[in-house]
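K.L.:
Model the structure of this input:
(2 chains)
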Amino acid sequence: MIEIELKAIKAQINPHFIFNTLNAIQYFISNHQNDQAENYIDRMASLLRKTLDFSNKTAIFILDEISYLENYLQLEKLRFEENFSFNINNNISKEYLQTEIPPMVLQPHIENALRHGLKNDKPGIKKLDLSFNIFNGQLICEVSDNGIGRKAAAAANQTKHIKHPSMGIELSSSKLLLYEQLTGKKVKTEIIDQFIPGTETATGTLIRITINTK
Amino acid sequence: MITALLVDDEPIALKRLASIITKSCPQVKILDNAKSVREAIEQIRRLKPELVFLDIELAGSSSFEILDDMEQRNFELIFVTAYDDFGIRALKHEAIDYVLKPINRAELINAIEKATKKIYQKRGALQTPNNNGINKPQINRLALPTMEGLVFVDIDKIMYCESEGRYTRFFLAEDDKKILVSKNLGEYEASLSPNLFIRIHNSSLVNFSYIEKYVKGRGGYVILRNGKILPVSSRRKDDFFDKLE
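P.N.:
Purely as a prediction, here's the structure:
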């Protein structure tokens, strides 16, 4: 029963992401940058194929999730060019690379960071760091940005006309919860606001998802 | 010449937009780009563009904030966005058009044509009649020499022209009006091509704004808004597509 529910929560990709990427590929074609166009069509195809593939699964290897995210971030970077940089720090040793996690639980947090934490009008390069570690038999996935922080992002959202209930994030939480019930492996999600020590100046947001491997 | 500001938070989307405009709409002069609500508001105040291309989601904010910030909007508006669900809001802001990303070139060009017409109309309305009684010559009109004398027509009312030997027949959008002119078609090709008239056949010159459809074939043919079918000669097919780019 739980498995059916978990499968019913399909892995989803934001359609605007797809349309904006196609728009960028159109530019490469009209500007005769054929290699770039080819490269990004390959990436897009791989992303779409994996999204479809993941949508039928209750769990995937962490290795596959990481390569999926890298591909996704490359496509995002294409559209924001030099304004955006990301880094993936994978410290998972070989024997843990096939640790299972429910698919696409990190992607919504990354999308959210890009959209709200980083995309806001803050000068300087927007940075996103992903790190994956095994500690005491737990898989620890962290997403941190150097954006405006949750408080300012929430304030910006209030004046904003577009209401995006962070559907992806809600789905991600439900997936993790169901996964915990299904496998008995404990899961924890933390959202940590980061500040310059001793001040209220936000330096970004850290999302940490911890999953027991046993 | 129409002045324009492009507003989008993605550098590559700005390039895509700019490349279509510079290639296909020479009447539009791009003044600058803005990547956020704040930048856009500042540039609109400073540069006073006549036309603004607006993405909806901007660096975590919504571009409707820009419009809400303006007490009076003095520019025409074309939304260019991947969101298909803000059409009604766009309508409320009396936008000229709402173009979806990925951008369809013909759709964007059509929107720009509409904006061009509206802006020229606005300029015309602003010109107060001066006391000297001298009217400035209208650049968007054409004088056609006929048997009786000169006939003045609005260029944007001309649907197409067909050659009849050494004469040219003009077909107007209003009341199926036709005017036979004692000059050959070639003479008009040069003067009308900046207004997006395209020579699709040895015997026809067509106003791009009235083309509704192009149907493939050796040369293929175009269907105009009034249902008129005009063949595209295979020799001019490539030229025709180059013009559209």
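
K.L.:
Please list the residues of chain B that sit near chain A.
P.N.:
B:9-13, B:15-16, B:19-20, B:36-39, B:56-57, B:59-62, B:64-65, B:82-83, B:89, B:100-103, B:245 (CB under 8 Å from any CB of the partner chain). Any C-beta I mention is one placed from the backbone N, CA and C, and that applies to glycine too.

K.L.:
Quick one, which of those are buried?
P.N.:
B:9-13, B:15-16, B:19-20, B:36-39, B:56-57, B:59-62, B:64-65, B:82-83, B:89, B:100-103 (16 or more other CB atoms under 10 Å in any protein chain shown).

K.L.:
Next step: the residues of chain B next to chain A restricted to strands.
P.N.:
Cross-referencing these against strands under DSSP state E gives B:Glu57, B:Ser61, B:Ser62, B:Leu100.

K.L.:
The third one and B:Asp32: what is the separation?
P.N.:
Spelled out, that is B:Ser62. As judged by CB to CB, to the nearest Å, B:Ser62 and B:Asp32 stand 21 Å apart.

K.L.:
Isn't B:Trp15 up against A:Tyr27?
P.N.:
Actually, residue B:15 is Lys rather than Trp. Yes: counting by CB atoms under 8 Å, B:Lys15 touches A:Tyr27, with 5.5 Å between them.

K.L.:
domain assignment for chain B?
P.N.:
B:2-127, B:141-244 (automatic domain parsing).

K.L.:
Check the ones you listed for me and report the most buried one.
P.N.:
With neighbours defined by mean count of other CB atoms under 10 Å in any protein chain shown, none of the domains of chain B is more surrounded on average than domain B:2-127, at a mean of 18.

K.L.:
ok, the closest residue to B:Leu67 other than its chain neighbours - contacts?
P.N.:
Distance criterion CB to CB, 6 or more residues apart in numbering or on different chains; nearest residue to B:Leu67, sequence neighbours excluded, is B:His93 at 5.4 Å. Residues near B:His93 by CB atoms under 8 Å, 6 or more residues apart in numbering or on different chains: B:Phe64, B:Leu67, B:Arg73, B:Leu77.

K.L.:
Could I get the pLDDT score of the third one?
P.N.:
By that I understand B:Arg73. With respect to pLDDT, B:Arg73 scores 89.

K.L.:
With adjacent residues omitted, what lies nearest to it?
P.N.:
B:Leu67 (6.7 Å).

K.L.:
separation between that neighbour and B:Leu54?
P.N.:
When distance is defined by CB to CB, B:Leu67 is 8 Å away from B:Leu54.

K.L.:
same question, A:Asn20
P.N.:
Going from A:Asn20 to B:Leu54 by CB to CB gives 15 Å.

K.L.:
quick one: contacts for the most far-flung residue of chain A relative to its centre?
P.N.:
Farthest-out residue of chain A from its mean C-alpha position, per CA atoms, centre = their mean: A:His32, at 31.3 Å. By CB under 8 Å, 6+ apart, the contact set of A:His32 is empty.

K.L.:
Doesn't it lie inside a strand?
P.N.:
No: counting by DSSP: H, G, I helix; E, B strand; the rest coil, A:His32 is located in no strand; its state is coil.

K.L.:
The strand or helix carrying A:Gln26 - contacts with which helices or strands?
P.N.:
In the assignment (DSSP states H and E), A:Gln26 maps to helix A:15-30. Under the contact criterion of 3 or more CB pairs under 8 Å, 6 or more residues apart in numbering or on different chains; DSSP states H and E, helix A:15-30 touches helix A:34-54, helix A:62-80, helix B:11-24.

K.L.:
Turn those into a markdown table, including distance to B:Val206 and mean pLDDT.
P.N.:
Listed next are the helices and strands packed on helix A:15-30 as a markdown table, based on distance: least, CB to CB, whole Å; pLDDT from 0 to 100:
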| stretch | distance to B:Val206 | mean pLDDT |
| --- | --- | --- |
| helix A:34-54 | 32 | 93 |
| helix A:62-80 | 37 | 92 |
| helix B:11-24 | 16 | 94 |
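
K.L.:
Distance to A:Ile196 for these - can I get that in JSON lines?
P.N.:
Listed next are these as JSON lines, based on distance: least, CB to CB, whole Å:
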{"stretch": "helix A:34-54", "distance to A:Ile196": "36"}
{"stretch": "helix A:62-80", "distance to A:Ile196": "25"}
{"stretch": "helix B:11-24", "distance to A:Ile196": "30"}
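
K.L.:
So which of those helices is nearest B:Ser191?
P.N.:
Among those, the nearest to B:Ser191 by CB to CB is helix B:11-24 (19.2 Å).

K.L.:
With only the CA atoms kept, save the helix or strand following the closest one in CSV.
P.N.:
The first helix or strand that comes after helix B:11-24 along the chain, using DSSP H and E, is strand B:28-34. Taking C-alpha atoms only, strand B:28-34 is exported to CSV below (Å, rounded to 0.1, in the frame of the first residue of the first chain):
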residue,chain,number,x,y,z
VAL,B,28,13.2,48.5,-33.3
LYS,B,29,16.2,50.0,-31.6
ILE,B,30,17.2,48.1,-28.4
LEU,B,31,18.2,50.7,-25.8
ASP,B,32,19.3,48.3,-23.0
ASN,B,33,18.5,45.1,-21.0
ALA,B,34,17.3,44.8,-17.4
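
K.L.:
Find the residue closest to the residue positioned nearest the centre of chain B in space, skipping its chain neighbours.
P.N.:
Per CA atoms, centre = their mean, the C-alpha nearest to the average position across chain B is that of B:Glu113, at 1.8 Å. Distances taken as CB to CB, 6+ apart place B:Ser209 nearest to B:Glu113, at 5.3 Å, with adjacent residues excluded.

K.L.:
contacting residues around the one you found?
P.N.:
With CB under 8 Å, 6+ apart, B:Ser209 has these contacts: B:Asn110, B:Glu113, B:Asp156, B:Leu196.

K.L.:
Next up, the contacts around the last one.
P.N.:
B:Leu196 is in contact with B:Glu113, B:Asn207, B:Phe208, B:Ser209, B:Lys243, counting by CB under 8 Å, 6+ apart.

K.L.:
contacting residues around the second one?
P.N.:
Contacts here follow CB under 8 Å, 6+ apart; on that basis B:Asn207 touches B:Asp156, B:Ile158, B:Met159, B:Tyr160, B:Leu192, B:Asn195, B:Leu196, B:Phe197.
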